[in-house]
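Undergrad: Using only what follows, build the 3D model:
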Amino acid sequence: MVVFQVRVLFLGMAARRMLSKKMKKIGMVLIILAVTAGLFCFFVKRFEKHVSKYSRNLFPSMIGGHRIVITDPEIKIFPPSVFFSSVSGVYESETVMVANKCKLEKPLSFVTGRVDKLTIKCDNGSVTENIVDIFREKKVPAEVVEEKEKTDIVPGKRRRSPGLFISIDDFKVMENKKSQRFKVDLSFENRSGVFRFRDHREKYPVNSGEILFSLDSKEAVLRFDTVSFDAVRSFFSVSYFDWVKGAFDGRVKFNVENGRLLAVTDISVKDLLIDHGFIDRYPFQVPFLRLSGELQYNLKEKSLDVPDLKISMGGIEGVFSGKIGSSLRLFELVAEKTSIMRLQTVIVDPLFVGFKTGGTIDMGLKYRQENGHFPEVDITGSLNDPVQYSYRMDYLKEEFIYKKDKNKIRDITVGPSNEYFVSIDEIPDHLVWAVVFSEDAGFFKHEGLDFTEISAAAKDNLTRSKMRGGSTITQQVVKNLFLGKEQTLMRKFMEMLLAIEIDATLSKDRLLEIYFNIVEWAPGVFGIGEASLYYFGKPPMELNVLESVYLASIIPGPYLYHRHFLQNNISDRWMGELHRLLDRLYEAEKITLDQHSGAMKGTIVFREIDREGGS
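TA: Now for the predicted structure:
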């Protein structure tokens, strides 16, 4: 309700009794003022009725809880003009929006009824920083229902309701003492309208959009053009995902039908930049991302259903589906027949210059959680005909120098010129199988990636505090030769692609030969040639089964498990782990019964050293 008072001193008939010309002029001015005040009161009454009516149409659930307050109204006769210092929207005693320096367009035509549209233009405005919290905390009374508009119009004809148009050139949205400024327009007529917004600093359609809505059909269409994530966060006064930059275009159509809110989306994101340490140590950029599909929200059950949301990222296609309810969370992401070459395009790194690996990959991810129980995760995938088209990895087939780290503390020659190099033919079979069973049981079956092991690792990571990556021996070779130790999704993604590439380039025997000669077995001890001498004082070919099983068991933590050697003691728990590995080797017929029995009865005997000095 608009509430203000206009006090007018009306002299009435006394002015007529004034004889002097000067007094007559004064009387005439007072009469004009009286007429002006009357017109002004008439306008105010019509304006109050008009705004109140549209308040009921626009916000039926807030009847009695909101009002519009106008301060410092002014009226000019020549030319006819009406101004307000400010127009405020108040909800449950909380001011949620303020528009300043406002002007009513064509007031005389509005007062006389020649135009039905009420047009107000304002220089600037702002919305309160905690507007979301205000509306979240206020509960709508249960007894408030939408009232049908009473009318005495002729049956079969619909009465045209007056229109409303509000324009604010500088609308300010506050967030943490910072502001985002927009030019906004609202046009409403016959229970339908358009709300437009645009960054007030830009001449071009940047950070702009519009919402077309109809209260009768319960439909709305949201269109936006080059809207930045920063603008969205500022407009809604939130700071979520502040590590995501970029701008998006698109269209979302909303419709309420049978108790469901349906949203048909088609959104394109340009120059998406993700700056998060978990994703990559450098800002990760995706030139183009498109999301299209339908979302369904059940208003009664408060559940979200996503039947099939198509995701396209630079030609990489996938489909996301899911359900979110009070007791169920279910997500599934599927990407089929994705080109390996296409996957490489999302990586900007000199390491992938000349990458030419053909074939496709199928991937799937399922996540399910019911009634707050521990979630279930399943990762599936397969490689389809990977093939190497370049020669850039062929140098690994011959002798090469492995640079352990960027500081070049030590370079390792992987080849016969290194006195500690051991060829695959000089490594006993029981040692090879002990390492394979311990690190990558499917090594001779997969093509660089083992999706079964990746899925198992993901499940373990959800149930245990200790993280593991499910890397194959091929991936470990890649990690040692080309990548650092940082734990990021991008590094893992690069590791997977490079593993596919070198698996398509090298034989399994050559991969094992490289692995055995570069893996670290103790602090500063690289390769099986050095390790067998360091721990047991003998070459690899002379290692017995128990010694081989022990060396295989310490690969995941050479620094941590090195204490066994320094203390010349292996705990019963660790011996139990060794016995379980021995059982697996025997069951798979990789060792004989005599070898299994002898190892189960045997003990680990390290070489003699000065235990205090550790050398």
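
Undergrad: hey, let's count contacts and neighbours off CA atoms from now on
TA: Will do.

Undergrad: which residues in the stretch 401-550 of the chain form helices?
TA: 429-439, 451-463, 473-482, 489-505, 508-518, 528-536, 545-553 (DSSP state H, counting those that start in this stretch).

Undergrad: Export those helices as TSV, with columns for mean neighbour count.
TA: Shown next, in TSV, are these (neighbours: other C-alpha atoms under 10 Å):
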stretch	mean neighbour count
helix 429-439	20
helix 451-463	17
helix 473-482	21
helix 489-505	21
helix 508-518	21
helix 528-536	21
helix 545-553	22
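
Undergrad: mean pLDDT lowest for which of these?
TA: For the helices of the stretch 401-550 of the chain, mean pLDDT drops lowest on helix 451-463, to a mean of 76.

Undergrad: What's the end-to-end length of stretch 484-492?
TA: Chord length of stretch 484-492, first to last residue, is 11 Å (C-alpha to C-alpha, to the nearest Å).

Undergrad: What of stretch 333-348?
TA: Start-to-end span of stretch 333-348 (C-alpha to C-alpha) is 24 Å.

Undergrad: picking that back up, wait, which of the helices of the stretch 401-550 of the chain is closest to residue 570?
TA: Across the helices of the stretch 401-550 of the chain, residue 570 has its closest neighbour in helix 545-553 (10.0 Å, C-alpha to C-alpha).

Undergrad: who are the neighbours of the closest one, in terms of helices and strands?
TA: Counting contacts by 3 or more C-alpha pairs under 8 Å, 6 or more residues apart in numbering; DSSP states H and E, helix 545-553 packs against helix 429-439, helix 572-587, helix 593-601.

Undergrad: where along the stretch 251-400 of the chain do the strands fall?
TA: Along the stretch 251-400 of the chain, counting by DSSP state E, counting those that start in this stretch, strands occupy 260-274, 284-298, 303-313, 316-324, 328-339, 357-370, 376-388, 400-403.

Undergrad: Could you dump the helices and strands packed on helix 545-553 into TSV with distance to residue 253 added?
TA: What follows is the helices and strands packed on helix 545-553, written out as TSV (distance: least, C-alpha to C-alpha, whole Å):
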stretch	distance to residue 253
helix 429-439	51
helix 572-587	58
helix 593-601	68
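
Undergrad: For residue 231, which of those is the nearest?
TA: helix 429-439 (48.6 Å).

Undergrad: Can you name the residues in contact with that closest one?
TA: Helix 429-439 is contacted from outside by 442-443, 472-473, 545, 548-549, 552-553, 581, 584-585, 590-591, using C-alpha atoms under 8 Å, 6 or more residues apart in numbering.

Undergrad: residues contacting the closest residue in space to residue 292 that isn't next to it in sequence?
TA: In this structure, residue 292 finds its nearest non-sequential neighbour in residue 266, 4.3 Å apart by C-alpha to C-alpha, 6 or more residues apart in numbering. Residue 266 is in contact with 250-252, 290-293, counting by C-alpha under 8 Å, 6+ apart.

Undergrad: Quick one, grab the pLDDT at residue 266.
TA: You'll see residue 266 listed with a pLDDT of 93.

Undergrad: in the sheet, who's paired with it?
TA: Going by DSSP bridges, residue 266 is paired in beta bridges with residue 251, residue 292.

Undergrad: related to what we said a few turns ago, closest to residue 121 out of the helices of the stretch 401-550 of the chain?
TA: helix 489-505 (50.3 Å).

Undergrad: Check which helices and strands the closest one sits against.
TA: Other helices and strands packing on helix 489-505, by 3+ C-alpha pairs under 8 Å, 6+ apart, are strand 376-388, helix 473-482.

Undergrad: change it to 10 Å
TA: helix 340-344, strand 357-370, strand 376-388, helix 473-482, helix 508-518 (3 or more C-alpha pairs under 10 Å, 6 or more residues apart in numbering; DSSP states H and E).

Undergrad: so can I have a markdown table of those showing distance to residue 600?
TA: Shown next, in a markdown table, are the helices and strands packed on helix 489-505 (distance: least, C-alpha to C-alpha, whole Å):
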| stretch | distance to residue 600 |
| --- | --- |
| helix 340-344 | 46 |
| strand 357-370 | 41 |
| strand 376-388 | 36 |
| helix 473-482 | 27 |
| helix 508-518 | 25 |
